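Peer 1: coordinates only, sequence not included:
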Ligand SMILES: [Zn+2]
């Protein structure tokens with residue numbers, strides 16, 4: 001079902017609905033009214049499929065790409081912050097985000 005394009009449902013729905021109305025008008029009875037409703041249902045399914053496919057193609061794929069690059073950015077920023085620097089005065093190791101040595105108070109940057 002997922003492999004059938006929405007436009008096929010719409011086309012089939014229109015054909016069935018139109019055919020049932022056409023035959024009913026010719027024969028002056030309402031015997032094919034169920035086919036008309038079936039056609040409307042098919043059109044609805046088809047339109048829904050087209051909209052779903054449109055949303056999937058246009059929203060989800062670029063979203064995934066930006067998510068990956070955002071995550072990568074955050075990871076890279078974290079790695080950058082976690083760089084280890086050493087105090088020149090006492091040799092204590094610090095994260096590069098530290099401005100002063102917590103052991104001797106020497107300015108690190
Ligand atoms: Zn120090």
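Peer 2: Structure's in. What do you need? Remember, predicted model here, so these are calculated numbers, not experimental data.
Peer 1: Return the residues of this protein in contact with the ion.
Peer 2: For the chain, the contact set with the ion under Cβ under 5 Å from the ion comprises 87, 89-90, 92, 101, 103-104, 106. In this view, the C-beta of every residue, glycine as well, is placed from N, C-alpha and C.
Peer 1: Tell me which entries of those lie within helices.
Peer 2: Of the positions in the residues of the chain next to the ion, not one sits in helices, assigned by DSSP state H.
Peer 1: Residue 14 and the ion, how far apart?
Peer 2: When Cβ to the ion, to the nearest Å is applied, the distance between residue 14 and the ion equals 80 Å.
Peer 1: so what pLDDT did the closest residue to that residue other than its chain neighbours get?
Peer 2: In space, and not counting its chain neighbours, residue 14 is closest to residue 43: 6.2 Å by Cβ to Cβ, 6 or more residues apart in numbering. In the prediction, the pLDDT value recorded for residue 43 is 91.
Peer 1: I'd assumed residue 43 was in a helix, is it?
Peer 2: Yes. Residue state for residue 43 (DSSP: H, G, I helix; E, B strand; the rest coil) corresponds to a helix.
Peer 1: okay but it is in contact with residue 17, surely?
Peer 2: Yes. Residue 43 lies in contact with residue 17 (Cβ atoms under 8 Å); the separation is 7.1 Å.
Peer 1: Quick one: the helices in the protein, in order.
Peer 2: Shown for the chain, the helices assigned by DSSP H span residues 6-27, 33-55, 61-81.
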